Structure formats: C-alpha cells, structure tokens
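Q: Sequence and predicted model, in that order:
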Amino acid sequence: MFSTKIRYTYAEYKSIVDAVMLQELGHPASAKWHVQLFSHPICFCIFMYKSITEGTCEFVFTADGFERVSNSGSTQMQWSNIGRVVDIKDAFLLIGATDGIAPLPKRCFSQEQISLIKSWAGGKLASEL
C-alpha cells in the first residue's frame with residue numbers, strides 16, 4: 001500500500017489530452033493547426049474548472065484497488081473494475097470499465113511504485129487507448 005498527492009499542472013493536463021486526441025483522431029488530424037488552436041482555450045478552461053473544484057487529489061493504492069479523495073469527494077475502484085491501464089510517456093491513465101479516466105502523472109511515483117502499479121494492473125496494462 002502507498003499513497004500520493006497529485007496537484008495537476010496545465011502542461012500535464014494538456015499533454016494527456018493531446019495523447020488521448022492522438023489515439024482517438026490519429027496523428028494527421030490531431031496535429032492540424034485548427035485542432036490545436038481550439039484545443040488550448042477549451043483545455044485551459046476545463047483545467048481551471050477542475051483545479052478549482054477538485055483541488056489536490058490524494059490517491060491510496062493497494063493490491064485490491066485505489067481510492068481517490070479530492071474536494072469533490074471520494075471514489076474507490078477495484079483493479080477488477082478497471083477496463084485498462086494505459087501507460088503513456090509521462091502518465092498512467094486508469095480507465096474505468098464503464099466510464100471515467102483517472103490520469104496519474106509518473107512524476108508523483110517512485111520506480112518501485114510504478115512497478116507496483118504495473119503489476120497490479122496485470123493484463124489490463126496497455127500502451128494505447
């Protein structure tokens with residue numbers, strides 16, 4: 001068991017949104033100037049809203065699952081209820097089996113904790129959405 005507190009930065013948030021857009025739209029579409037032009041103000045507004053409403057998030061991880069506590073409340077999820085754990089360059093994306101994504105910046109974890117997350121994710125660990 002271990003815990004970490006995460007205060008997301010805009011650069012992390014935008015990087016995660018860009019990674020999801022790349023997976024969903026493909027490189028040519030996500031790299032177009034008009035997609036990038038409109039994604040920045042939209043992402044910034046959503047980031048500011050989430051920063052105010054969520055604040056600092058505390059995650060507690062165990063072999064059974066994780067709990068996330070923020071200003072908006074507490075969420076618990078078992079590893080068995082997670083659809084996928086996507087390992088992207090600077091973060092993990094915990095994707096619920098039915099809905100929701102919990103981004104986890106790797107900067108918040110030691111190498112040992114990263115190894116634990118990967119082992120707990122098991123066969124659900126993927127490099128793509």
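A: Sure thing, it's come through.

Q: All the strands of this protein, in order from the start?
A: 2-6, 57-61, 65-70, 73-78, 82-88, 91-96, 101-105, 125-126 (DSSP state E).

Q: any chance of those in TSV, plus mean pLDDT and mean neighbour count?
A: All C-beta spots, glycine's among them, are computed from the backbone N, C-alpha and C. TSV is the format used below for those (pLDDT from 0 to 100; neighbours: other CB atoms under 10 Å):
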stretch	mean pLDDT	mean neighbour count
strand 2-6	95	14
strand 57-61	96	18
strand 65-70	94	17
strand 73-78	92	12
strand 82-88	90	19
strand 91-96	90	19
strand 101-105	90	20
strand 125-126	88	15
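
Q: So which of those is nearest G26?
A: Closest of the strands of the chain to G26 is strand 82-88, at 15.8 Å (criterion: CB to CB).

Q: Return the list of helices and strands in contact with that closest one.
A: For strand 82-88, the packing partners by 3 or more CB pairs under 8 Å, 6 or more residues apart in numbering; DSSP states H and E come out as strand 91-96, helix 111-121, strand 125-126.

Q: Swap in 6 Å and give it another go.
A: strand 91-96, strand 125-126 (3 or more CB pairs under 6 Å, 6 or more residues apart in numbering; DSSP states H and E).

Q: closest to Q36 out of the strands of the chain?
A: strand 82-88 (18.3 Å).

Q: Next, the angle from the closest one to strand 91-96.
A: 170 degrees (axes from the mean of the first three to the mean of the last three CA atoms, to 10 degrees).

Q: Let me know the angle separating strand 82-88 from helix 111-121.
A: Relative orientation of strand 82-88 and helix 111-121, computed by the same axes, to 10 degrees: 140 degrees.
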